[in-house]
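Quick one, structure for this:
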Amino acid sequence: MALLDWITPGDSLRLQGEGIEIRPPRPSDHPEWSELRRASRAFLQPWEPTWPDDDLTRAAWRRRLASYARDIDLGAAYPFLVFRKSDGALTGGITLSNVRRGVAQMGTVGYWCGSGFARQGHTLAAVRTLSHFAFRTLALHRLEAACLPENTPSRRLLGKAGFQEEGLARAYLKINGDWRDHVQFGLIAPPPRGDGPKEPLSV
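Modelled structure (predicted):
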């Protein structure tokens, strides 16, 4: 699937949640995305890897979209932006990455939220929407997520989304320049509902 195929308005990865919609990023999203990230930098940087110097530029955005397209083509990752339904405002992003098939059938959930949209339920709705997509459409068996131990809002969010705390991973990810411990969370797919046909790979 070429890049321009999956960034069109009619793409099949447009998912509806409670008060939000999530869809893959498009070239035209760059101004709003870069402004939200720029305005939220102090809020986000303590929880994220160090940003490259050109991270918010249009050239970096084009590279990001090309990488996203390859990942979707391979079924390795599914990146989304989160939009508020009431006014279409971009509130953050969420990604299902590191998708593993075979005996694993699992993926990793990561997310971010702009500082002006924190604790308003948009990210929780996005996690629930992405989980439904991962289990019902992609037929994954397990989702994983992780956050810094001191990130209490994220720990609460994952708990509300049904994830269970599973332990501490030491020096798990390099965050803001340092290797940091992370609390690991897991969510198992709910039991299948009857023997009806599976949902197609579109929603």
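
Buried residues of the longest helix anywhere in the chain, list them for me.
For the chain, the longest helix by residue count, based on DSSP state H, is helix 58-74. Neighbour-count burial for helix 58-74 flags 60-61, 65, 68-69, 71-72 (criterion: 16 or more other C-beta atoms under 10 Å). C-betas here are computed from N, CA, C, even on glycine.

which two from those residues end up farthest apart in space?
The distance between the two most remote of the buried residues of helix 58-74 (C-beta to C-beta) is 18.7 Å, for A60 and I72.

on contacts alone, who are the packing partners of whichever strand or helix holds L157?
Following DSSP states H and E, one finds L157 within helix 152-160. Helices and strands in packing contact with helix 152-160 are listed as helix 122-132, strand 142-147, strand 164-175; criterion 3 or more C-beta pairs under 8 Å, 6 or more residues apart in numbering; DSSP states H and E.

So which of those has the densest surroundings on average?
Scoring those by mean neighbour count under mean count of other C-beta atoms under 10 Å gives helix 122-132 as the most buried, with a mean of 22.

so that helix versus helix 152-160, what angle?
Computed by axes from the mean of the first three to the mean of the last three C-alpha atoms, to 10 degrees, the angle separating helix 122-132 from helix 152-160 equals 40 degrees.

ok, residues contacting helix 122-132?
With contact meaning C-beta atoms under 8 Å, 6 or more residues apart in numbering, helix 122-132 is reached by 15-20, 22, 78, 80, 82, 84, 91-92, 94, 96, 109, 111, 113, 117, 143, 157-158, 160-162, 187.

give me the number of residues near the nearest residue to R38 once chain neighbours are set aside?
Spatial nearest neighbour of R38, excluding adjacent residues (C-beta to C-beta, 6 or more residues apart in numbering): L56 at 5.8 Å. By the criterion of other C-beta atoms under 10 Å, L56 has 17 neighbours.

Tell me if I'm right that R62 and P27 touch.
Yes - between R62 and P27 there is a contact at 7.3 Å, judged by C-beta atoms under 8 Å.

how many neighbours does the nearest residue to L90 once chain neighbours are set aside have?
In space, and not counting its chain neighbours, L90 is closest to E32: 4.9 Å by C-beta to C-beta, 6+ apart. Counted with other C-beta under 10 Å, the neighbours of E32 add up to 15.

Would you mark the buried spots in whichever helix or strand E32 is part of?
Under DSSP H and E, the secondary-structure element containing E32 is helix 30-39. Buried positions in helix 30-39, judged by neighbour count with 16+ other C-beta under 10 Å: 30, 33-34, 36-37.

need the contact list for A118.
Remark: with contacts taken as C-beta under 8 Å, 6+ apart, A118 is in contact with 43, 153.
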